[in-house]
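Trainee: Fold the following and give me the result.
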Amino acid sequence: MFNRRKFIALSAFGSVATLLGKKVQAELPGGYKKGPIVISTWDAGIEANKGAWEILKKGGRALDAVEAGVMVTEASKNCCVGLGANPDRDGFVTLDACIMDEFFNCGSVAFLERIKHPVSVARRVMEKTPHVMLVGVGAQQFAIAEGFPLEEQKLSEDAQKAYDKWLKKSEYKPVINIENKGSHGPSAPSTLGSGEMNHDTIGMVAMDAKGNLSGSCTTSGMAFKMRGRLGDSPIIGAGLFVDNQVGACSATGQGEDVIRVAGAHAVVELMRQGLSPEAACKRIVERIVKIKGAKAKEIQVAFIALNKKGEVGAFAINKGFNYAVKAEGIEKLVDAKSLYS
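Mentor: As a prediction, the model looks like this:
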C-alpha cells in the first residue's frame, strides 16, 4: 500500500536524484547549463573565455562578451590570429572577422591590414553603417575614420621565421590540426615546415544571464595563402551564425569547405529541427565528408554550437580538435568527437 511515509521517502529520494542529476549535467560539456556560458575554439579559447567571462559574470551582454573574448586572442603574439600571425604568400598579414548579436544584427571585415582588433571594426560596421561587410582598403579607411590606429606593417619575429622557412619551397599544403601542435605559443614556428601552414581561427559563442546569444569569429586565415584569399570566418552563415530563438554556431578549419555548405547556418537550422548541438555539428561534418570523399581525411573542419537551453557541443572531421567551455564553476578544454581517428 502506498502510504504517506513511503510517499515522503520517495519524494526525498527523487529530490536528491534530481539535484545530483542537475549537478552532473552542469559538469558535462554537452549538458544543460543554466546561466551565462561561453564556448570557443581550440586551446586559445581558454584565455579568450576568461576575457568574455569578465563581462558575463557581471550580467553583461553576450555581444560585449564575445567581442572582448576574442580581442584577447587578437592581442596575443601568436602565428594564428591578429597582427602577429603568419602572412600570406606575398608577406602581408591580412585579417578577417565578424560578429553577430541576438537581433540578427551582424558586421564583418575582410582582407583588413594593420588594424589590431578587426572584430571591433566588424562591430562598428554592424552598428554604424547600413552594410554587413567591408573589405580591404575600404575596411581600413573606415577603421581609421572610427579612430582605430594604423599599426606598423612589420611581421612579428615568429611569423618572419615561419615565412622565411616557408619561402624555401613555397608549397601551399594545409596540415590538419596544426593549430593544436604548439601554434599558440612562442615555439609556433618550429611546428611550421616548408610545406605546412596554419588555418586557425578563434570562434566564440555565448549566452548571457538574460538568455540572449551572440557570437564572434576572427582569424588571419591560412598562412601563406594566395593574396586576397578569404575563408569562411568573416562570412555570416558560414563561419558564424546566431539565431536567438534557437542557438549559435561557429566554425574552424578549411574555410572553403565550410562555405560550400553554409556551415554555421546549417548547424543552427538542424538545432531548430530538434537536434542537439553535437548532433547538428556532426550532421554537417558528415555532409562535408560526403562532398569531399576520400580527400576528407586530408583536411580539418570543426564546429562548435550552443543552443538556447545552454547545451553545448562540437564535432570535427578528424581527431585533434578541442574547444574551451566556461560557465559558473566550470572551466575546461574538451576534446571533440570526430569521424576519423
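Trainee: For this structure, name the helix or strand with the lowest mean pLDDT.
Mentor: Ranked by mean pLDDT, DSSP states H and E, the weakest helix or strand in the chain is helix 4-27, scoring a mean of 41.
Trainee: is it true that Q254 touches E298?
Mentor: No - using CB atoms under 8 Å, Q254 is not in contact with E298, being 9.3 Å away. Placement of C-beta: from N, CA and C, glycine included.
Trainee: more crowded one of those two?
Mentor: Q254 (21 against 14; other CB atoms under 10 Å).
Trainee: And the closest residue to that one other than its chain neighbours, what's its pLDDT?
Mentor: Using CB to CB, 6 or more residues apart in numbering and skipping residues adjacent in sequence, the residue nearest Q254 is I299, 4.5 Å away. We have a pLDDT of 94 for I299.
Trainee: ok, I299 - how many residues close by?
Mentor: I299: 19 neighbours (other CB under 10 Å).
Trainee: Likewise for S156?
Mentor: 20.
Trainee: Give me the distance between it and D96.
Mentor: 18 Å (CB to CB, to the nearest Å).
Trainee: for K332, same thing?
Mentor: 28 Å.
Trainee: what does A324 give?
Mentor: Distance from A324 to D96, by CB to CB: 21 Å.
Trainee: the more surrounded of the two?
Mentor: Comparing A324 with D96 by other CB under 10 Å, the one with more neighbours is D96, at 30 against 25.
Trainee: what pLDDT, on average, does stretch 160-167 get?
Mentor: 89.
Trainee: Now it - C-alpha only, CSV.
Mentor: The C-alpha trace of stretch 160-167 is given here as CSV (Å, rounded to 0.1, in the frame of the first residue of the first chain):
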residue,chain,number,x,y,z
GLN,A,160,59.1,36.1,-40.0
LYS,A,161,60.9,32.9,-39.1
ALA,A,162,58.0,30.8,-40.3
TYR,A,163,57.7,32.8,-43.5
ASP,A,164,61.4,32.6,-44.3
LYS,A,165,61.2,28.8,-43.7
TRP,A,166,58.1,28.5,-46.0
LEU,A,167,59.8,30.5,-48.8
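Trainee: Give me the buried positions along that stretch.
Mentor: For stretch 160-167, the neighbour count (16 or more other CB atoms under 10 Å) marks 161-163, 165-166 as buried.
Trainee: could those be laid out in a markdown table, adding distance to A68 and secondary structure?
Mentor: Compiled in a markdown table, the buried residues of stretch 160-167 are given as follows (distance: CB to CB, whole Å; DSSP: H, G, I helix; E, B strand; the rest coil):
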| residue | distance to A68 | secondary structure |
| --- | --- | --- |
| K161 | 30 | helix |
| A162 | 28 | helix |
| Y163 | 30 | helix |
| K165 | 34 | helix |
| W166 | 33 | helix |
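Trainee: So which residues of the stretch 1-150 of the chain form strands?
Mentor: 37-41, 95-100, 106-112, 133-135 (DSSP state E, counting those that start in this stretch).
Trainee: Neighbouring strands - and their directions - for the longest one?
Mentor: According to DSSP bridges, the neighbouring strands of strand 106-112, each with its direction, are strand 95-100 (antiparallel), strand 133-135 (parallel).
Trainee: residues near the residue nearest to V334 when sequence neighbours are not counted, how many?
Mentor: Once flanking residues are discounted, V334 sits nearest to P29: 4.5 Å by CB to CB, 6+ apart. Using other CB under 10 Å, P29 is surrounded by 20 other residues.
Trainee: same check, this time on E157
Mentor: 12.
Trainee: Tell me the spacing between it and A264.
Mentor: E157 is 34 Å from A264, by CB to CB.
Trainee: Enumerate every residue touching S216.
Mentor: 66-67, 69-70, 97-100, 119, 122, 203-204, 240, 250 (CB atoms under 8 Å, 6 or more residues apart in numbering).
Trainee: element containing the one residue sitting closest to the centre of the chain, please.
Mentor: The centre of the chain sits closest to G203, judged by CA atoms, centre = their mean, with a distance of 1.3 Å. Assessed by DSSP states H and E, G203 sits inside strand 201-207.
Trainee: Report the secondary structure state of I259.
Mentor: Here I259 is helix, with the state taken from DSSP: H, G, I helix; E, B strand; the rest coil.
Trainee: Tell me where the model's unsure across the stretch 51-200 of the chain.
Mentor: Under the criterion pLDDT under 70, the flagged ranges of the stretch 51-200 of the chain are 78-79, 171-200.
Trainee: ok, for A209, nearest residue in space, not its chain neighbours?
Mentor: Once flanking residues are discounted, A209 sits nearest to G59: 4.8 Å by CB to CB, 6+ apart.
Trainee: The one you found - how many residues pack around it?
Mentor: 10.
Trainee: rewinding a little: and of the strands paired with strand 106-112, who's closest to R114?
Mentor: strand 95-100 (9.1 Å; CB to CB).
Trainee: how big is the angle separating that closest one from strand 201-207?
Mentor: 10 degrees (axes from the mean of the first three to the mean of the last three CA atoms, to 10 degrees).
Trainee: on that earlier part again, next one: the residue nearest to A209 relative to V242, how far apart?
Mentor: Taken as CB to CB, the span from G59 to V242 is 20 Å.
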